[in-house]
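Undergrad: Sequence first, predicted model second:
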Amino acid sequence: MVEGLVTIERIETQTSPEGGCIEIWTLNRPDRLNALNRATHQELIQACDRAESNDNVRVVVITGAHSPQDTKRPKPKSFAAGADIAEFSGKSSDDVRPFFENNAWEKIWNLTKPTIAMVDGYALGGGTELALSCDIRIASEDSNFGQPEINLGLIPGGGGTQRLTKIVGYGHAMELILTGDMIPANRALEIGLVNSVVPSSKLRGEVIALATKIAEKSPYTIKVAKRAIRSALDLPLTQGILAERSEFVALFDTEDSSIGVEAFLSKQKPEWVGK
Ligand code: COA
């Protein structure tokens, strides 16, 4: 367990001879509803670099810490309530540009390993954008999503206008961004913003089960699959089909495709080597 503004926990999946683990990154500023200040971005960026270079890390889960509920004025549960608004005060474009050019949203989006946002509470502004930077979003029934930047005289700056539009479509993105309204988890599910909604008490178990299932596949093939799916967002269809074909055909030269095919034919469990 690595403690800081981002607490890092490792869960060994122990499903392959090579090991393999799920990393859970917990935003740890619950008194500020895990608002994403610069220091948190820096820690997330460093966590990305470490996870990317560590073959043992198979899946990254991102979530938010909750503050104790037994105080006089308990803070609401939050994944992340956005960028830290206190850091916006009195800033010019020259002040904020360097930070927005080197932010955790893009770093997480560019990870080659699968990422899951485990959302329990508010995911607003940069918090929704953080969830959108992940490949899969699982939310508790107690969660709320939104892009309230318009209420600050701003627009989303962590990829929200782009990734939200790709994920939920033009009309829903327009409505969310132009109104700044919050939507509950069940509405987020209806518009495809989240993959599934579960009771808060079951969230961690469901996410770990999902992450474990992915961690059990060939880590090499998982990276190729993620890259190929990304092509669908970046490329026109005809080029995307060509990109997929090229990735698919190349997999026939990997050890893991032989292992997978032979394991199926001999009714064995595949033991991946990751190449
Ligand atoms: N940046 C900095 N601080 C934040 C924050 C943010 N994005 N979101 C919440 N906080 C702080 C609050 O200022 C408050 O601090 P305090 O206890 O010192 O007063 C604390 O977190 C708890 O939030 P509070 O507003 O008291 O909780 P609430 O239950 O009344 O409301 C929200 C919860 C999420 C609706 C409300 O905090 C909110 O609207 N946050 C801003 C969301 C936003 O606009 N995000 C986009 C930023 S670009």
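TA: Now that the structure is in, tell me what you want to look at.

Undergrad: Roughly how far does the one residue in the stretch 101-250 of the chain that gets nearest to the ligand sit from L154?
TA: Residue nearest to the ligand within the stretch 101-250 of the chain: G125 (2.6 Å; Cβ to the nearest ligand atom). Every C-beta, even on glycine, is put in place using the N, C-alpha and C of the backbone. Separation of G125 from L154 (Cβ to Cβ, to the nearest Å): 9 Å.

Undergrad: same question, R58
TA: R58 sits 36 Å away from L154, taking Cβ to Cβ as the criterion.

Undergrad: again, but for G127
TA: 15 Å.

Undergrad: if you count what's nearby, which of these two comes out ahead?
TA: Set side by side, G127 and L154 show more neighbours around G127, with 31 against 15, by other Cβ atoms under 10 Å.

Undergrad: For the more buried one, identify the helix or strand it belongs to.
TA: Using DSSP states H and E, G127 sits within helix 126-133.

Undergrad: Which secondary structure elements does that helix sit against?
TA: Helix 126-133 sits against strand 57-64, strand 78-80, helix 104-109, strand 115-119, strand 144-146, with contacts defined as 3 or more Cβ pairs under 8 Å, 6 or more residues apart in numbering; DSSP states H and E.

Undergrad: Of these, flag the one that's most buried.
TA: Among the helices and strands packed on helix 126-133, ranked by average contacts under mean count of other Cβ atoms under 10 Å, first place goes to strand 78-80 (a mean of 29).

Undergrad: Whether that strand contacts the ligand - can you check?
TA: No: using Cβ under 6 Å from any ligand atom, we find that strand 78-80 stays clear of the ligand, coming within 6.8 Å at best.

Undergrad: mean confidence score for that strand?
TA: For strand 78-80, mean pLDDT rounds to 98.

Undergrad: Pull the residues that contact that strand.
TA: Residues outside strand 78-80 that contact it (Cβ atoms under 8 Å, 6 or more residues apart in numbering) are 27, 30, 33-36, 63-64, 66, 117-124, 126-127, 130-131, 143.

Undergrad: low-confidence ranges in the stretch 101-250 of the chain?
TA: Nowhere does the stretch 101-250 of the chain drop to pLDDT under 70.

Undergrad: can you list the residues of it near the ligand?
TA: So the stretch 101-250 of the chain meets the ligand at Y122, L124, G125, G126, P148, E149, L152 (Cβ under 6 Å from any ligand atom).

Undergrad: Go again with 8 Å.
TA: Counting by Cβ under 8 Å from any ligand atom, the stretch 101-250 of the chain comes close to the ligand at 122, 124-127, 144, 146-149, 151-152, 154, 156-157, 180, 182.

Undergrad: Filter those down to the buried ones, PyMOL style.
TA: Provided next is the PyMOL selection string for whichever of those are buried by 16 or more other Cβ atoms under 10 Å:
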select buried, resi 122+124+125+126+127+144+146+147+148+149+156+157+180+182
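
Undergrad: V194 - that's part of a strand, no?
TA: No: going by DSSP: H, G, I helix; E, B strand; the rest coil, the assignment for V194 is coil, not a strand.

Undergrad: Let me see the contact set for it.
TA: So V194 contacts V119, A131, R137, I138, A139, S143, F145, A185, A188 (Cβ under 8 Å, 6+ apart).

Undergrad: at 7 Å instead, please
TA: Neighbouring residues of V194 by Cβ atoms under 7 Å, 6 or more residues apart in numbering: R137, I138, A139, A185, A188.

Undergrad: Now the buried members of those.
TA: R137, I138, A139, A185, A188.

Undergrad: Cross the residues you listed against helices and list the overlap.
TA: Among those, the members falling in helices (DSSP state H) are A185, A188.

Undergrad: how about JSON lines for the helices and strands packed on helix 126-133, with distance to V261 added?
TA: Shown next, in JSON lines, are the helices and strands packed on helix 126-133 (distance: least, Cβ to Cβ, whole Å):
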{"stretch": "strand 57-64", "distance to V261": "22"}
{"stretch": "strand 78-80", "distance to V261": "40"}
{"stretch": "helix 104-109", "distance to V261": "32"}
{"stretch": "strand 115-119", "distance to V261": "28"}
{"stretch": "strand 144-146", "distance to V261": "41"}
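
Undergrad: Thank you, goodbye.
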